[in-house]
Every structure is written in structure tokens, then in C-alpha cells.
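Enquirer: Quick one: sequence and predicted model below, then my questions.
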Amino acid sequence: MADVTAQRPGPQLQEPRSWRRTKNRIATVLMVLSFVLVIIPLGFVLVSVVAKGASVISWSFLTSSIPVSVAPANEGGIGPAVVGTLEITALATVIAVPLGILGAIYLNEYGGKNILARLIGFMADVMTGVPSIIMGLFIYSLWVLHFGYSGLAGAFALGCLMLPIVIRSTFEMLRLVPSALREGAYALGATKARVTMTVVMPAALGGIVSGALLAVARAAGETAPLLFTILGGLSAVNVNVFSGANIALPILIFSNASSPYTGAQARGWGAALTLIAIAFILMIVARLISARFSRFSR
Amino acid sequence: MAPTEPTSPVGSAGALSARRPLGDRGFQLIALGAGLLVLVILVLIAVSTSQQASSWFSTEGLKIFSKTWDPSTNQFGALPFIFGTAVTAVIALVLAVPVSLGIALLLTEVVPYRWSRPIVYVIDLLAVVPSVVWGLWGILIFATWIQHIYSSIGSGVSGIPVLDSLFGAPTSGASFFTAGIILAFMITPIVTSLSREVIATVPTMDREGAYALGATRLEMIRGVVIPHSQGGIVGAVLLGLGRAMGETIAAALVIGSSPEITSHLFATGYNMPSVIANQFGEATGLQRSGLMGIGVLLFAFTIIINVIARGVVERSARKKRGA
């Protein structure tokens, strides 16, 4: 549809007089310029992260323990933070994704248009706008004060952040499943739970998985929810996510970014490159999955 | 849109549900519980954080809105942070909204479909760059670079009445304005994608009608696209505002961290999320409670803005569908 209007040859019309045409050209140039304005900083960020990060990254950098801040760039690495990020994000995924999918199933399959379902859907949208640092304060006062800092607490905070995103993306995918599929299964005498799990879910699975991965990618890069839940400041790996302070890549980058030592800053760039790489890989996998399984989408 | 309950040709709905097996009803309850979790979490956030902040609210009373935040003298007024949040969010919106609308119009009205997809991918990349990476780049590279621009602008406007108090000395690389710029980059993707969705609902017939009357593209946009999508664009801007207010880590690194109320945009400042991020770890007693209270205020502000924004977006979407 957009094609048709976009290709309409405006200048061929006789009428537009030169000043109107000039204004139109200026507007078009401004639109293109606004895109350029966005690409330039994005390019700068990516180039500097890759350039500064690649010079320190190596296998031993990714696996060695974190040295003191004054250590030069070639000493130590970010191993514990890599382990922590992977563990905590995985745990958050395990907590939030099933709950988010179930919530979306309620909204689309059971709730329909009733008041409660509409309220939950609306509040889920509102919840995506809750600042991530609030999730950190929330888990701090609800969990950390009673049970102490742990990777699990961080996973709860990230999970709170992911939940509404997963609900929203799953809901959109379930909505695309044609109701003829459901009706066919009902006609065979299946119960609603069975229809949902064996007919609707498989049909929407590609989109659901890719939406969940995008939520994971967003959560993996979040710093604020982790600040008061996992504490950070470790130099060695804490494999036990369920107790004791832990460390993650974003926290490490945050503390190294405000450090005056060049070695710490270099490790910050290396950690930033690692974090961006993780987020990009998740995003690319998500795109591949949604392209592969886009049966009902688009 | 939503699937309808399977209706049986014989018997009432009541008889049908009585025959539903236990597992089926159990599944419905679990799904309902997961949905309700959203409401439960939102209520718990409000209750548990307010509880932790109660000593700040009760000790300080209305002084929570006083101008001084100084842990060494036990003064905990939140006004500098509320001021900083407002200033940085407004700077971010002023910079991001025109650019986002420009990109949204470029995508929907100018470029053909096969070009618009790569552009969307690039804009999405902005959203994938984590907040802390923006902050790292902002403080180590961007702030040191823009410092020179600030100081030359600052010396250029010295003596000119209004401009001097806005852009004059003292200037610093880490400042309100730097934080506003970084926030603008971060909210551009969401404002762009939401306004693009709204603009895409403008009927093609309306567009073609305007073109048939001899309108140029700009005239068509001003006469057809903007009036039609005004409501949704306002919603998109409000959602961007909510994001800009709550964005924490990038702002915490580049805002300069000094609780001051000043008209100087190039001076160091503070805002609500970044003071929580920077001070909560070392804070005790009333200060910790105060930071929690700033969190409560921030939560309240963003919830209000998001409810209004979602309401506006939904209403305009409904109106469009109904029309």
C-alpha cells in the first residue's frame, strides 16, 4: 500500500509552482537528514566499542578473573561477569518466559474482551514503561532485605522487566493464529487446554520464541535492576546463583566507566563488546527464527 | 479477533462447563494466575517501596520537596533531582521528537518498502545497544569531545541576557545537556516505531485524494497524515517522555552528579534515577529511605505518564478503526 503512494511521481504534475515544490524538497531533505543524524552516533558507538574492545578481547580475557582497577589492560579479564550474566539471564528467562506466555494465553484464549483481561493487558503495557531501576528497588525491598544478595534476586528483577514484554509479544502472535484452526480442534472434541497447547501454541511458536529472545536480549543488557540485587564487586566466579553476591557484565562496565584507570576502562570496552555481541547474537537468532517460522505473521 | 468460547449446539453453557475436565479448568486457573501476576507485581512495587521510604516521608514531611540534598548535614530534599529529570527529559524530547517524526515520515511516505526494512533494522539497532554502553561511550568519548563545543558556545554567548544564563559558563562535558542528548538517542527508536505504526493507519484513499487535488507530498502530509495521526503521535511522544524519565545508567554516567538547581544547561546536574543508582549502595538510614522515596516518586510519575500515553494511543487506535 505504502508502495503505491511512495512511487507516485509528484513532480510530473503540472500544477505545483516552484516555491511549493522547493518547500516539498526541503521537507524531504530534512527527513533524510533526520535518519542520517541517527546513523552517525550509532556508527560512532559501534565503531568505538569494536575498535577499543577488540584490542583487549581474547580467550583468556573472557575467562580470567577480574583484577583490581589499577591493573593494566593486559592483566586479568572479565570471566566472572560473563558467567554471571549468562547464569542470571538464563534464570530470569526460565522464570519470566513461561509466566509471560501463560499470561498471554489467558489474555487471548480465555479473557477475550472481558474487563479483567483488558485491565491486565493495559497494565502489562504500562508495566513495560516502569523504569528498570524501580524493579531493582522493588526486589531489594521485597527479597534482598530478607534473603540477602544473590543471582536469583537479580534474575527476579530482570524477570519483572521481561514479563510484560513477553506477554505483549506472545499476545500479538496468538492473535494471528486463525480461529479456524481452533474450531477444527474443538470439532474433534478437544478441551480448551488441549487445543491451546497442541494447536494454537505450535502454530505461533516461531513468533513467540523470537519475541522471547528479544526480551532476553533487552534484559541481558540491563544494569539498573542488578545494582541492588546482585551487588557486584566480585573478582572470582560465584557459580552458585542462588546465594551470595554475584557479578554481571553491565555492572562491571558501569563501575569501570567511572574509573580513572586506563586498564579498567579498557576492560570496560572489552566487556561492552562482549555484551553487545551477546545481545546481537540473540537478536539475529530471533530474526532467523521469526523468518523461518513466519507462517501466520505478515 | 479474540477466539470465541466453543459453544455446544445442545445444552446450556453451564452444563458444558460442569462437564469440563479438571485438567482443563486447572490450566485456565494457572493462565489466569500468570495474568494476574502483572497486577500483583505493580501493587507490590508500590507497597514495598513505599514501606521502605516511609521514614523519609514521615520525617521530612513536605520538606521532601526542599532544594537541598546533602547527606553530610542530613538534608534530604528531592527537588534538585525532580528538576534534573524534567530538564533532561525535555531536552531529550526536543531533540528526539522531530528526528523520530522525520524518520517515521521518511519510512511511510517517501522510501519504497524494500528500502524501509533495512532502515527499520538500523533504528532497532539503536534499541539493542545497552544503556550502560551508551553511558560508557558517553562519558569516555562523547563528553570529552562535546566539552570543547560547550565551552566555545559558552564564551560566545557570555553577556547576552537569556542565552548566557542558559548556555553560558560554567560548562562541563558531563552535564544536563549531554545526558539529554544520550537520552534522545535512546528514546528515538520507540518514538519512531510507535509514530510509524500510527501513520501507517492513515487510509491510502485519503492520501490519494490529496495528491489528486494537486498537493505536493509536504502538503499531503500536513493536510492528511498529521491531522489523522495527531492523537497517536502525542501518545508516542508521552511514552518517549516516560522512557527518558526512567532511563538510569546512561544518565548516571554522563550527568555530572551534582544536585543543583540551575538554569545552566551545560552545567553538571543530577536526576532521579541516577541519584538512586549512584548513592543507594553506600547510603544508610534516612538517606537510603530518601532514595527509596525518590524511587516511589519516579514510579508514580512514570505510571501516570504511561497510563495517559497508553490511553491516548488506544483511544486514537479505536477511533481510527471505527471510522
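Expert: Okay, I see it.
Enquirer: any idea where the helices of the chain begin and end?
Expert: Here I'm looking at chain A. Counting by DSSP state H, chain A has helices at residues A:2-7, A:18-54, A:59-63, A:79-105, A:115-127, A:132-139, A:145-147, A:151-176, A:179-187, A:192-195, A:201-220, A:224-227, A:249-257, A:262-292.
Enquirer: my bad, the chain I had in mind was chain B
Expert: Listed in chain order, the helices of chain B (DSSP H) span B:13-18, B:22-60, B:79-105, B:113-128, B:131-137, B:143-156, B:161-167, B:176-200, B:204-212, B:217-220, B:226-246, B:249-254, B:272-279, B:285-322.
Enquirer: chain center to the shortest one: distance?
Expert: Spelled out, it's helix B:217-220. Remark: helix B:217-220 is offset 30 Å from the chain centroid, using Cα atoms, centre = their mean, to the nearest Å.
Enquirer: Contact partners for the residue sitting nearest the centre point of chain B?
Expert: Nearest residue to the geometric centre of chain B (Cα atoms, centre = their mean): B:Arg243, 1.7 Å. Contacts of B:Arg243 were listed using Cβ atoms under 8 Å, 6 or more residues apart in numbering or on different chains, and they are A:129, B:186-187, B:190. No exception for glycine: its C-beta is placed from N, CA and C like everyone else's.
Enquirer: Turn the helices of chain B into a markdown table, including mean pLDDT and distance to A:Val97.
Expert: Listed next are those as a markdown table, based on pLDDT from 0 to 100; distance: least, Cβ to Cβ, whole Å:
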| stretch | mean pLDDT | distance to A:Val97 |
| --- | --- | --- |
| helix B:13-18 | 48 | 30 |
| helix B:22-60 | 93 | 11 |
| helix B:79-105 | 95 | 30 |
| helix B:113-128 | 86 | 19 |
| helix B:131-137 | 95 | 22 |
| helix B:143-156 | 89 | 38 |
| helix B:161-167 | 81 | 47 |
| helix B:176-200 | 93 | 22 |
| helix B:204-212 | 92 | 38 |
| helix B:217-220 | 92 | 44 |
| helix B:226-246 | 92 | 23 |
| helix B:249-254 | 94 | 24 |
| helix B:272-279 | 94 | 26 |
| helix B:285-322 | 88 | 23 |
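Enquirer: and the residue of the stretch 1-150 of chain A nearest chain B?
Expert: Here the stretch 1-150 of chain A gets closest to chain B at one residue, A:Pro131, 2.6 Å apart by Cβ to the nearest Cβ.
Enquirer: Who's the closest spatial neighbour of that residue, skipping the chain neighbours?
Expert: Nearest residue to A:Pro131, sequence neighbours excluded (Cβ to Cβ, 6 or more residues apart in numbering or on different chains): B:Gly246, at 2.6 Å.
Enquirer: My guess is the one you found contacts A:Met135. True?
Expert: No - the pair B:Gly246 and A:Met135 does not pass the contact test of Cβ atoms under 8 Å, sitting 10.4 Å apart.
Enquirer: who's in contact with B:Tyr312?
Expert: Wrong residue type there; residue B:312 is Val, not Tyr. B:Val312 is in contact with B:231-232, B:234-235, B:238, counting by Cβ under 8 Å, 6+ apart.
Enquirer: give me that answer again for 10 Å
Expert: By Cβ atoms under 10 Å, 6 or more residues apart in numbering or on different chains, the contact list for B:Val312 reads B:230-239.
Enquirer: coming back round to it: kindly compare burial across the helices of chain A and name the winner.
Expert: Mean neighbour count, computed with mean count of other Cβ atoms under 10 Å in any protein chain shown, is highest for helix A:224-227 among these, reaching a mean of 30.
Enquirer: What is the neighbour count of B:Ile119?
Expert: Using other Cβ atoms under 10 Å in any protein chain shown, B:Ile119 is surrounded by 17 other residues.
Enquirer: so what's it up against?
Expert: Neighbours of B:Ile119 in contact, by Cβ under 10 Å, 6+ apart: A:35, A:38-39, B:103, B:106-107, B:111, B:192.
Enquirer: try A:Gly154
Expert: Taking Cβ under 10 Å, 6+ apart, we find A:Gly154 in contact with A:84-85, A:87-89, A:91-92, A:136, A:139, A:144, A:222, A:225-232, A:241, A:245-248, A:251.
Enquirer: restrict the residues you listed to those near chain B?
Expert: Restricting these to those near chain B by Cβ under 10 Å from any Cβ of the partner chain leaves A:136, A:139, A:222, A:225, A:227-228, A:231-232, A:251.
Enquirer: List the buried residues of stretch B:272-291.
Expert: Buried residues in stretch B:272-291, counted by 16 or more other Cβ atoms under 10 Å in any protein chain shown: B:272-280, B:283, B:286-291.
Enquirer: That should have said stretch B:138-150, apologies.
Expert: Residues B:138-140, B:142-143, B:146-147, B:150 are the ones in stretch B:138-150 that count as buried (16+ other Cβ under 10 Å).
Enquirer: Then stretch B:210-229?
Expert: Buried residues in stretch B:210-229, defined by neighbour count with 16+ other Cβ under 10 Å: B:210-211, B:215-221, B:223-225, B:228-229.
Enquirer: B:Gly102 - how many residues pack around it?
Expert: Neighbours of B:Gly102 under the rule other Cβ under 10 Å: 21.
Enquirer: follow-up on the earlier one: so can I have JSON lines of the helices of chain B showing distance to A:Leu213?
Expert: Listed next are those as JSON lines, based on distance: least, Cβ to Cβ, whole Å:
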{"stretch": "helix B:13-18", "distance to A:Leu213": "37"}
{"stretch": "helix B:22-60", "distance to A:Leu213": "20"}
{"stretch": "helix B:79-105", "distance to A:Leu213": "25"}
{"stretch": "helix B:113-128", "distance to A:Leu213": "12"}
{"stretch": "helix B:131-137", "distance to A:Leu213": "19"}
{"stretch": "helix B:143-156", "distance to A:Leu213": "33"}
{"stretch": "helix B:161-167", "distance to A:Leu213": "44"}
{"stretch": "helix B:176-200", "distance to A:Leu213": "17"}
{"stretch": "helix B:204-212", "distance to A:Leu213": "34"}
{"stretch": "helix B:217-220", "distance to A:Leu213": "38"}
{"stretch": "helix B:226-246", "distance to A:Leu213": "22"}
{"stretch": "helix B:249-254", "distance to A:Leu213": "22"}
{"stretch": "helix B:272-279", "distance to A:Leu213": "27"}
{"stretch": "helix B:285-322", "distance to A:Leu213": "25"}
